[in-house]
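Starting from these lines, generate the structure:
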Amino acid sequence: MKLTPESILAAYRNGLFPMADPSSKRLGWYDADPRGVIPLDAYHVPRRLRRYMKQFEFAIDRNFEGVIDGCARPVTWISKDIRDAYVALHRRGQAHSVEAWKDGALAGGLYGVRIGGAFMAESMFHRESNASGAALATLLDRLKEKGFALLDIQQVLPNTARFGAVEISREDYLWRLAAALQLSPSW
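Numbering: from 1, shown residues only. This next block holds a predicted model:
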């Protein structure tokens, strides 16, 4: 499967996301049901994490390639082709990173794709404790402030459940996605 910026955007608009099979490493389009989202009108940032956030400086898109490389550890699904496609989306202004910096070094972050009022979070990493959670909290605050309607996290994991992540049906997800695609908030 050839991954291009256009194929990624078309897939997201239809509720799909790219992922490699862990055993074969073959890339495919996935349609999770249920789907993980963090409601932007009901998320929660743990109080303890808010305290840890004070040790970081946050940036948007300062080092997108550094973030995607941080996420692309040897055991992840992020291949060179995936990296190249998302870097191309970033250069077009459609893929973004949220970064936590400490003492001038990239401590953690996340990246994803923005389409209309939806943000599709793809992956996150940390080199310092709490850095990826702090980046996610920063993203949540930014999306809410800018008027986004949907944060797609694909699946609920323990590190996202603490923010109020929920699973919703495919039907509900597609309804929310359609509504979010009608919006055009600034990044």
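
Now do the buried residues in stretch 8-15.
Taking 16 or more other C-beta atoms under 10 Å as the neighbour-count basis, stretch 8-15 is seen to contain the buried residues 8, 9, 11, 12, 15. Bear in mind the C-beta positions are built from the backbone N, C-alpha and C, glycine included.

again but with stretch 159-172, I slipped
Buried residues in stretch 159-172, defined by neighbour count with 16+ other C-beta under 10 Å: 160, 163, 164, 165, 166, 168.

Which ones among these map onto helices?
Assignment to helices by DSSP state H places the following of the buried residues of stretch 159-172 there: residue 160.

Residue 49 is in what secondary structure piece?
In the assignment (DSSP states H and E), residue 49 maps to helix 47-53.

Residue 125 contacts residue 132, doesn't it?
Yes. Because the distance of 6.0 Å satisfies C-beta atoms under 8 Å, residue 125 is recorded as touching residue 132.

Run me through the strand neighbours of the helix or strand of the chain with the lowest mean pLDDT, direction for each.
Each helix and strand of the chain was given a mean pLDDT (mean pLDDT, DSSP states H and E); the minimum falls on strand 17-20 at a mean of 86. Strands flanking strand 17-20 in the sheet, each with its direction: strand 27-30 (antiparallel) (DSSP bridges).

what does the partner strand contact?
Surrounding strand 27-30, the residues in contact under the criterion C-beta atoms under 8 Å, 6 or more residues apart in numbering are 1, 3, 11, 16-21, 77, 79, 81-82, 154.
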